[in-house]
Structure formats: C-alpha cells, structure tokens
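[1] here you go, sequence then predicted model.
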Amino acid sequence: MAYRRTPAVQARLDAQREAVLQAAVGLLAERGYGGCTMAAVADRAGIATGSLYQHFANKAELSVQLFRRVVTGEIEAVNAAVALRDTPRQRIAAVVETFAARALRAPRLAYALLVEPADTVVDGERLVFRRAFRDVIATEIAAAVASGELPGQDPVLTAAALVGAVGEALAGPLAAIPESLGVTDPREATVEVVPALVSFTLRALGGRDDSDA
C-alpha cells in the first residue's frame with residue numbers, strides 16, 4: 001500500500017515549502033540568482049539542505065518557482081495601478097510607471113528578473129513574463145485605438161516593442177545603481193528615469209504626453 005501523508009504532515013510540508021520560497025525571494029533581492037544556491041536557501045529557511053530536495057529537485061526547479069512567485073507579485077502591482085486610471089492612455093502610462101518605479105526601488109531584484117544570466121528554464125519564464133506585460137499594454141492600446149485616442153496600429157506589435165524598449169532602458173541603471181545615476185538612494189532614480197520612460201512610451205504610441213500639451 002502506498003504511503004499517504006496525513007493532513008498534519010502535508011500542512012507541515014506546505015509551510016516548509018512556503019518558508020523556502022520566502023527565503024529564496026529574500027536572497028534573490030540581496031544577491032541575485034548567483035547567491036540563491038540550494039545550500040544558501042536552505043540555511044536562510046532554517047532547514048537542512050537535504051530537506052530542501054523534498055520540495056525542489058534542483059536549483060533550476062527552485063529558480064522557476066521563485067521567478068513565478070516574484071513575477072506574479074509584479075503583475076498584480078501593475079494591474080492594481082491600471083485599475084485606478086480612467087482612460088486607456090493613462091492605463092498604459094500606469095503600466096510603465098509602476099513597472100519602472102518598482103524596478104528602480106529594488107534594483108538587485110529587478111536585475112535578476114530581467115537580465116542576470118541564469119538557467120535556461122529561467123529564460124523561458126522571462127519570455128512568459130514579458131508576454132504578460134505585453135498583453136496588458138496591448139489590451140489598452142487596442143481600446144485607445146478603438147476610441148480614437150491613439151492612431152491606428154498593431155496593438156500586440158507595439159506593446160511588444162515597448163516592453164523590449166523599457167526593459168533595455170532599465171538594464172543599464174539596474175546593473176549599476178546608484179553609481180550610474182549619481183544617487184545614494186535608488187529611489188531617487190525614479191525622479192528622472194520614470195517620467196522619461198512614460199514620456200517615451202506615450203510618444204512612441206503616437207500620443208502626446210503632458211510636456212507636449
């Protein structure tokens with residue numbers, strides 16, 4: 001007869017897995033993927049390294065689940081910001097503003113999500129991540145085109161181009177904050193970088209930003 005876990009045992013394992021993921025998120029934000037070794041994560045979670053393998057077969061599997069955990073939080077934050085805006089144009093601006101501001105406030109974490117060398121499986125997750133943001137933007141572009149707020153264009157193509165451009169624009173600052181921006185607090189970077197990215201986005205769409213008005 002196959003062994004069947006009792007509810008108490010399963011609850012303990014679920015709690016331990018959650019503790020592992022939380023520990024991994026903390027390490028990712030501090031040290032990036034390179035610092036998220038199985039031993040380091042187990043130590044941060046307060047368990048033996050061998051126990052970690054009860055939940056994740058290897059670092060690649062842990063990295064995928066870690067990436068999904070963090071990305072889900074980022075997408076939720078963007079969707080929450082979008083929901084507060086009234087027009088498609090404002091909602092598109094909210095996506096870029098929220099994504100860029102959060103990235104610059106947590107540069108080590110954002111760098112790991114966007115560009116840090118990692119396992120091949122993580123690169124696949126990054127593609128899913130970019131497509132999720134692309135789809136949010138594409139939906140709003142389509143609505144803005146339909147209402148006449150923006151000129152006619154392919155919403156998916158434009159959204160994909162914007163996601164790529166914003167990610168590339170952030171890659172350099174994220175890799176070198178605070179030195180590259182001459183600030184001592186990464187949050188100060190949002191004063192210049194975020195408005196510039198929002199302005200670029202609206203102009204690229206064929207719209208007008210506040211400075212054009």
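    Perfect, thanks for sending it.
[2] I figured G26 hits V41, correct?
    No. Between G26 and V41 there is no contact under CB atoms under 8 Å: 9.3 Å. Every C-beta, even on glycine, is put in place using the N, C-alpha and C of the backbone.
[3] the more surrounded of these two?
    Residue environment comparison for G26 versus V41 gives the larger neighbour count to V41, 25 against 15, counting by other CB atoms under 10 Å.
[4] any idea whether the more buried one is helix, strand or coil?
    Under DSSP: H, G, I helix; E, B strand; the rest coil, the three-state class of V41 is helix.
[5] and it, what does it touch?
    With CB atoms under 8 Å, 6 or more residues apart in numbering as the criterion, the residues that contact V41 are 20, 23-24, 27, 52, 62.
[6] so which of the residues you listed is the most crowded?
    For these, the largest neighbour count, defined by other CB under 10 Å, is 28 neighbours, found at A24.
[7] helix/strand/coil for it?
    Here A24 is helix, with the state taken from three-state DSSP.
[8] tell me the contacts of it?
    Applying CB under 8 Å, 6+ apart, we find A24 in contact with 36, 41, 44-45, 62, 66.
[9] can you redo the residues you listed as CSV with pLDDT and secondary structure?
    Compiled in CSV, the contacts of A24 are given as follows (pLDDT from 0 to 100; DSSP: H, G, I helix; E, B strand; the rest coil):
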residue, pLDDT, secondary structure
C36, 89, coil
V41, 94, helix
R44, 94, helix
A45, 93, helix
L62, 92, helix
L66, 91, helix
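[10] and which of those is nearest G148?
    In terms of CB to CB, no member of the contacts of A24 lies closer to G148 than L66, at 43.2 Å.
[11] ok, which pair from the contacts of V41 is furthest apart?
    Longest distance between any two of those is 12.6 Å, between L27 and L52; criterion CB to CB.
[12] can you pull out the helices in the chain?
    Along the chain, counting by DSSP state H, helices occupy 7-31, 38-45, 49-52, 59-83, 88-105, 107-114, 120-147, 155-176, 193-204.
[13] with adjacent residues omitted, what lies nearest to A110?
    A103 (3.6 Å; CB to CB, 6 or more residues apart in numbering).
[14] same question for H55.
    Among residues not flanking H55 along the chain, R17 sits closest, at 4.6 Å (CB to CB, 6+ apart).
[15] if we can go back for a sec, quick one: which of the contacts of V41 is nearest to E125?
    When the contacts of V41 are compared for distance to E125 (CB to CB), L62 wins out at 12.2 Å.
[16] quick one: that closest one from T139, how far?
    32 Å (CB to CB, to the nearest Å).
[17] tell me who's in contact with R85.
    For R85, the set of contacting residues under the criterion of CB under 8 Å, 6+ apart consists of 91, 93-94.
[18] which of those residues tops the neighbour count?
    Each of the contacts of R85 was scored for neighbours by other CB under 10 Å, and A93 scores highest at 25 neighbours.
[19] ok, and the closest non-adjacent residue to that residue?
    Nearest non-adjacent residue to A93, counting by CB to CB, 6+ apart: V198, 5.0 Å away.
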